[in-house]
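K.L.:
Dropping a prediction and its sequence here:
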Amino acid sequence: MAEKTNQQVYPLAPSNGNPRSDEESNTLQSKELKRKKRIKLAIYIAAFAVFQTIVILVFALTVMRVRTPKVRLGTDVTFSRLNTGNETSPSFDITFIAQVRVKNTNFGPYKYDNTAAIFTYQDVTVGTVTIPKGKAGLRSTKKVSVTVNVNSNALTTLSNLGNDLKNKVLTLNGQAKFTGKVELLFVMKKKKATEMNCTMIIYLTSKKLKDLICE
Ligand SMILES: *[C@@H]1O[C@H](CO)[C@@H](O)[C@H](O)[C@H]1NC(C)=O
Ligand SMILES: *[C@@H]1O[C@H](CO)[C@@H](O)[C@H](O)[C@H]1NC(C)=O
């Protein structure tokens, strides 16, 4: 009865002239060996699948993740002209050269469109400059020099300015809304907008930046 069952269980056992018992133990051994091999293979496949999943996950979380580029002004601002009025007749006319820095931490370039940067004094626009369209490369910072003129022509109330001129400190705010695309793996494009918002505090006597705060 047992032999019969064995026969049925191992239909592929060779039926040559080998003595029955040898044949049986051989097939048992090879069956066991095959089983172990199969388990090993299954473990390898599972391990590989886990490894693959981790690789894909890491890839998705690092390389494929689209980060928002950061735009700010560099601290190296040069004042090529700095004319101011006095307390009783307040005015300013300032030209400065600043560096716009587009920091791209993506694993692919960030191509941005023409962007208008607006400079304000007390929420009144006192100057604008166009930042031409460009490209910040893979994990790098694009530096664009811009020459900006700001003047008090558009101001309607001058009392605050008179005060600032007395204190010899002028605060300007520069803002720009960038639009563009992050390109990943040369084919995938993702729209990404980013904003610059920097506050410049200028020492009027030394014609230097006291402070530059970018959000
Ligand atoms: C302020 O500037 C105006 C115009 O330049 C001038 O007429 C006036 O005398 C100045 N006042 C003072 C106090 O310096
Ligand atoms: C820009 O920054 C200033 C000061 O840091 C803040 O008061 C203002 O709300 C910001 N503007 C925008 C549009 O985020």
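P.N.:
That came through fine. Ligands and ions are numbered 1, 2, ... in the order given.
K.L.:
now the helices: where do they sit in this protein?
P.N.:
With helices called from DSSP state H, the chain shows them at 2-9, 20-61, 159-167.
K.L.:
Tabulate the ones you listed in JSON lines, adding columns for mean neighbour count.
P.N.:
Every residue, glycine included, has its C-beta placed from N, CA and C. Converted to JSON lines, the helices of the chain look like this (neighbours: other C-beta atoms under 10 Å):
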{"stretch": "helix 2-9", "mean neighbour count": "10"}
{"stretch": "helix 20-61", "mean neighbour count": "11"}
{"stretch": "helix 159-167", "mean neighbour count": "15"}
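K.L.:
Give me the neighbour count for the residue in the chain positioned nearest to ligand 2.
P.N.:
Nearest to ligand 2, among the residues of the chain, is Asn197, at 3.7 Å (C-beta to the nearest ligand atom). By other C-beta atoms under 10 Å, the residues close to Asn197 number 15.
K.L.:
Find the residue closest to it in space, skipping its chain neighbours.
P.N.:
Glu215 (4.4 Å; C-beta to C-beta, 6 or more residues apart in numbering).
K.L.:
In terms of mean pLDDT, which of the helices of the chain ranks lowest?
P.N.:
Here the helices of the chain differ in mean pLDDT, and the lowest is helix 2-9 at a mean of 49.
K.L.:
residues touching the most centrally placed residue in the chain, list them.
P.N.:
Nearest residue to the geometric centre of the chain (C-alpha atoms, centre = their mean): Arg67, 3.2 Å. For Arg67, the contacting residues are 105-106, 182, by C-beta atoms under 8 Å, 6 or more residues apart in numbering.
K.L.:
And it, how close does it get to ligand 1?
P.N.:
50 Å (C-beta to the nearest ligand atom, to the nearest Å).
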